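Chemist: Sharing a model prediction with you, sequence too.
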Amino acid sequence: MNEAASSEAAFQTERSRMVERDLRRRGIRDARVLDAMRRVPRHRFVSPDLVHAAYADSPLPTMDGQTISQPYIVALMTQALALRGGEKVLELGTGSGYQAAVLAELGAEVWTVERSPTLFAAAASLLAALAYERVHPLHGDGTVGLPTQAPFDAILATGSLPRVPRGLLIQLRRPGVFVAPIGTRDDQRLLRIEYDPPHEREETLCVCRFVPLVGAAGWPPTAERDVEDGR
């Protein structure tokens, strides 16, 4: 076995260990989500100097003061969408592209919007290199959604919002699912909303701290450099 193949085999072992230790044992039960997390090479989505920590259950810094979410939080948010394949999903905040890759592994068609031109370019390039053809990266303000592609079966926000934007909910198919961290800059609740007018069912998945999602329906730019902490 050559050095590259040996490294990939080691990363695969680390991923499997991560799935068992940090996901299954903490209550992630959706087998399809666990399999997706086992397949996505998280070490490709982190900074080169942090590859050694790629499969630790913690957020890691990326470019532009942003973070890649801890694996447990990615799995929890993904499980909350209850995807079965073929859904149309909108992601607000592409970041490194890791969450979008996990959604694509579940068979979703993913539109993902990133405000930072640096993050957008890097994520779009990596997702293309890894052949995630189901992921459609766009540069813009994700907090306003993507009305031209609506309706979506699910909408997922990977940064915090001060409130649930009604302009996003109306871009959901009926019924649809919205998952996002909502609250103050320092503390949020990770909410899951089943949207089926005139009914809405809201569930708190956990308390957390995400980087702010900056935009017209999000936070002003001064809040961009907070640190994410799912807990």
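Modeler: Structure's in. What do you need? Numbering: from 1, shown residues only.
Chemist: lowest confidence element among the helices and strands of the chain?
Modeler: Lowest on mean pLDDT, DSSP states H and E among the helices and strands of the chain sits strand 229-230, with a mean of 49.
Chemist: what about the helices in this structure?
Modeler: With helices called from DSSP state H, the chain shows them at 3-18, 31-39, 71-81, 98-105, 117-129, 166-169.
Chemist: could those go into CSV alongside mean pLDDT?
Modeler: Putting those into CSV (pLDDT from 0 to 100) gives the following:
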stretch, mean pLDDT
helix 3-18, 85
helix 31-39, 98
helix 71-81, 98
helix 98-105, 98
helix 117-129, 97
helix 166-169, 96
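Chemist: okay, these in JSON lines with distance to residue 183 and mean neighbour count next?
Modeler: For every residue, glycine as well, the C-beta is placed using N, CA and C. Listed next are those as JSON lines, based on distance: least, CB to CB, whole Å; neighbours: other CB atoms under 10 Å:
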{"stretch": "helix 3-18", "distance to residue 183": "28", "mean neighbour count": "13"}
{"stretch": "helix 31-39", "distance to residue 183": "25", "mean neighbour count": "17"}
{"stretch": "helix 71-81", "distance to residue 183": "15", "mean neighbour count": "24"}
{"stretch": "helix 98-105", "distance to residue 183": "20", "mean neighbour count": "25"}
{"stretch": "helix 117-129", "distance to residue 183": "23", "mean neighbour count": "17"}
{"stretch": "helix 166-169", "distance to residue 183": "16", "mean neighbour count": "16"}
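Chemist: Which one of the ones you listed lies nearest to residue 190?
Modeler: Among those, the nearest to residue 190 by CB to CB is helix 71-81 (7.1 Å).
Chemist: Residue 191: how many residues sit nearby?
Modeler: Using other CB atoms under 10 Å, residue 191 has 20 neighbouring residues.
Chemist: what residues are up against it?
Modeler: 164, 178-182, 202-205 (CB atoms under 8 Å, 6 or more residues apart in numbering).
Chemist: What subset of those residues is buried?
Modeler: With burial judged by 16 or more other CB atoms under 10 Å, the buried subset of the contacts of residue 191 is 164, 178-182, 205.
Chemist: Centroid-nearest residue for the protein?
Modeler: Nearest residue to the geometric centre of the chain (CA atoms, centre = their mean): residue 99, 3.5 Å.
Chemist: Report the contact partners of it.
Modeler: Residue 99 makes contact with 69, 74, 77-78, 91, 156, 158, according to CB under 8 Å, 6+ apart.
Chemist: For it, give its distance to residue 144.
Modeler: Residue 99 is 19 Å from residue 144, where distance means CB to CB, to the nearest Å.
Chemist: low pLDDT regions in the protein?
Modeler: Filtered on pLDDT under 70, the chain yields the residue ranges 1-6, 223-231.
Chemist: what about the residue nearest to residue 58 when sequence neighbours are not counted, how many neighbours?
Modeler: Of all residues not flanking residue 58 in the chain, residue 70 sits nearest, at 5.1 Å (CB to CB, 6 or more residues apart in numbering). Under the neighbour criterion other CB under 10 Å, residue 70 is assigned a count of 20.
Chemist: pretty sure residue 70 is touching residue 57, no?
Modeler: Yes. Using CB atoms under 8 Å, residue 70 is in contact with residue 57, at 5.3 Å.
Chemist: picking up where we left off before, among the helices of the chain, which comes closest to residue 49?
Modeler: Nearest to residue 49 among those is helix 117-129; the distance by CB to CB comes to 15.1 Å.
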